[in-house]
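**Q** Would you be able to build a 3D model of this:
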Amino acid sequence: MASESTPPRSGKPNIIQVKVKPNARVSSLVLHEDGTWQAQIKSLPVDGKANTELIGLVAKQFRCTKAAVSIKTGGTGRMKLVQIANA
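**A** Residues are numbered from 1 along each chain as shown. Presented below is the predicted three-dimensional model:
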């Protein structure tokens, strides 16, 4: 169940904390009560495929382009900080 949350529009980029679980049956992005997100990704964490799928999932959730989403930290780990640039 995905939340219909969008980051507030301000002059600064928004950063969200995401815990990624690769090799899931379906892809989803869920907001937890503590403010962190959990992403279930179909792709395996091989050759950056899971990160690419995560960027697409975040872009879809926050209704922005994939180019506006970037992984700031945690590129090789399960806990990531993802930046969403405001248009």
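**Q** show me where this protein has strands.
**A** Listed in chain order, the strands of the chain (DSSP state E) span residues 14-21, 28-31, 37-40, 69-73, 79-84.
**Q** Just list what the second one packs against, helices and strands only.
**A** Meaning strand 28-31. Packing contacts for strand 28-31, counted by 3 or more CB pairs under 8 Å, 6 or more residues apart in numbering; DSSP states H and E, involve strand 37-40, helix 49-61. Placement of C-beta: from N, CA and C, glycine included.
**Q** Could you dump the ones you listed into CSV with mean neighbour count added?
**A** Shown next, in CSV, are these (neighbours: other CB atoms under 10 Å):
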stretch, mean neighbour count
strand 37-40, 19
helix 49-61, 19
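**Q** Can you lay out those as a markdown table showing mean pLDDT and distance to residue 24?
**A** Converted to a markdown table, the helices and strands packed on strand 28-31 look like this (pLDDT from 0 to 100; distance: least, CB to CB, whole Å):
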| stretch | mean pLDDT | distance to residue 24 |
| --- | --- | --- |
| strand 37-40 | 97 | 4 |
| helix 49-61 | 96 | 10 |
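**Q** Switch those over to TSV; also include distance to residue 82.
**A** Converted to TSV, the helices and strands packed on strand 28-31 look like this (distance: least, CB to CB, whole Å):
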stretch	distance to residue 82
strand 37-40	8
helix 49-61	6
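**Q** do you know which of the strands of the chain lies nearest residue 63?
**A** Residue 63 lies closest to strand 79-84 among these, at 10.2 Å (CB to CB).
**Q** got a list of what the residue minimising distance to the centre of the chain touches?
**A** The chain has residue 58 as the residue nearest its centroid, 4.0 Å off, counting by CA atoms, centre = their mean. Counting by CB atoms under 8 Å, 6 or more residues apart in numbering, residue 58 makes contact with 16, 18, 29, 39, 69, 82, 84.
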